[in-house]
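Quick one, what's the 3D model for this:
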Amino acid sequence: MGSSSKNLIKDIVIIVVAIAVIWLGLQAVFGTANPFYVVSSGSMIPALEVYDVIVVEGNTPFEDVKKGDIIVFYSPKLYEQGKERVIVHRVSLDLSTDEQKIVRTKGDANPSSIAGTDYPITEKEYLGKVEYVIPQVGYITQILQPPINYIIIAVIIGVMVVKHFADKEKKKMKFQYTKDSSEVNEPVDTLEKNQDESTDDTLDKKIDDDLDKTLKKNSDSVYTKSSESTDDDKKEI
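Numbering: from 1, shown residues only. Predicted structure coming up:
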């Protein structure tokens with residue numbers, strides 16, 4: 001086997017391992033076995049278009065799902081028959097009872113909820129909440145054949161996740177920097193305040209000194225004048 005063949009096999013192994021790491025990382029981050037799906041119908045237009053890729057996170061407990069959330073779930077009617085048809089619709093109503101949480105969903109473009117499809121949704125049909133939407137990336141699934149299409153989608157989503165956490169870290173560092181700067185500036189403000197107080201004290205002292213000099217000068221003047229008047233009186237006597 002030539003060196004070129006060895007390098008090719010090595011590159012393929014590296015790519016496969018990298019994709020596996022990305023996939024496992026996505027599963028861990030989003031808390032679900034399948035973090036992304038391709039929208040295949042127009043029932044959620046305009047929120048979701050056909051061929052949009054939705055990123056689903058399963059870390060949000062079903063108990064925390066509320067009206068207005070877009071969730072991914074199995075069709076309850078088909079799920080009872082052992083079939084797994086995945087649907088993405090918006091929660092329109094909470095039908096929970098004291099014994100169990102139940103929600104009803106509806107496609108934004110649909111006139112009403114469909115029994116057996118949109119409700120009743122319980123925890124066993126729930127897969128996760130839509131966290132991100134990547135517009136039109138799903139076209140790749142039509143243009144390219146597996147597994148290339150899934151590899152490209154996985155790489156795109158992996159980059160998106162890294163960027164997401166990088167932005168969060170950047171905001172955190174910016175906040176910390178602002179906080180530290182505020183803490184550093186506080187003594188400077190105190191110093192400036194002390195300098196102002198010191199300046200005020202110096203000014204007060206100068207005013208007092210000038211006042212003393214003026215009073216002393218006036219006093220000396222009065223004394224001199226008084227002495228001159230006494231001499232004149234003596235001369236008159």
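
per-residue pLDDT, residue 8?
On pLDDT, residue 8 comes in at 75.

contacting residues for it?
Neighbouring residues of residue 8 by C-beta atoms under 8 Å, 6 or more residues apart in numbering: there are none. For glycine as for every other residue, the C-beta is placed from the backbone atoms N, C-alpha and C.

Am I right that it sits in a helix?
Yes: Residue 8 sits within a helix when classified using DSSP: H, G, I helix; E, B strand; the rest coil.

Show me how the protein divides into domains.
If you go by automatic domain parsing, the domain ranges for the chain are 1-30, 34-135.

Can you say which of those is packed in most?
Highest mean neighbour count among the domains of the chain (mean count of other C-beta atoms under 10 Å): domain 34-135, with a mean of 17.

Please enumerate the strands of the chain.
36-38, 53-57, 70-74, 86-94, 103-106, 126-134 (DSSP state E).

And these: which comes nearest residue 7?
strand 36-38 (31.9 Å; C-beta to C-beta).

in its sheet, what does that closest one sit against?
strand 53-57 (antiparallel) (DSSP bridges).

shaky segments in the chain?
Within the chain, the ranges that satisfy pLDDT under 70 run 1-2, 141-154, 157-158, 160-161, 164-165, 168, 171-172, 174-237.

for it, what spans make up the helices?
3-30, 76-80, 139-143, 148-236 (DSSP state H).

on that earlier part again, quick one, which of the domains of the chain gets closest to residue 167.
domain 34-135 (12.7 Å).

Quick one: closest of the domains of the chain to residue 173.
Closest among those, using C-beta to C-beta: domain 1-30, at 20.6 Å.

just to revisit the earlier point, in JSON lines: the domains of the chain, plus distance to residue 156.
Shown next, in JSON lines, are the domains of the chain (distance: least, C-beta to C-beta, whole Å):
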{"stretch": "domain 1-30", "distance to residue 156": "10"}
{"stretch": "domain 34-135", "distance to residue 156": "7"}
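
Nearest to residue 162, out of those domains?
Nearest to residue 162, of the domains of the chain and by C-beta to C-beta, is domain 1-30 at 9.4 Å.

I figured residue 54 hits residue 72, correct?
Yes: taking contacts as C-beta atoms under 8 Å, residue 54 lies within contact range of residue 72: 7.2 Å.

what touches both of those two?
37, 88, 130.

Reformat these as CSV; add distance to residue 48.
CSV is the format used below for the shared contacts of residue 54 and residue 72 (distance: C-beta to C-beta, whole Å):
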residue, distance to residue 48
37, 10
88, 7
130, 8
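
and which of those residues is nearest to residue 169?
residue 130 (23.8 Å).

In contact with that closest one, which residues?
54, 55, 56, 69, 70, 71, 72, 88.

What distance do you get for it to residue 13?
34 Å (C-beta to C-beta, to the nearest Å).

and what of residue 84?
33 Å.

Check residue 39 too.
Residue 39 is 34 Å from residue 13, by C-beta to C-beta.

Check residue 138 too.
Applying C-beta to C-beta to residue 138 and residue 13 gives a distance of 28 Å.

next one: residue 45
42 Å.

for residue 87, same thing?
38 Å.

again, but for residue 26
Taking C-beta to C-beta, one finds residue 26 at 20 Å from residue 13.

can you check residue 55 too?
For residue 55, the distance to residue 13 - C-beta to C-beta - is 28 Å.

now swap in residue 68 and tell me
Noted for residue 68: a distance of 46 Å to residue 13, by C-beta to C-beta.

pretty sure residue 34 is touching residue 57, no?
No: look at residue 34 against residue 57 with C-beta under 8 Å: they stay out of range, at 11.3 Å.

if I pick residue 99, what's in contact with it?
No residues are in contact with residue 99 under the rule C-beta under 8 Å, 6+ apart.
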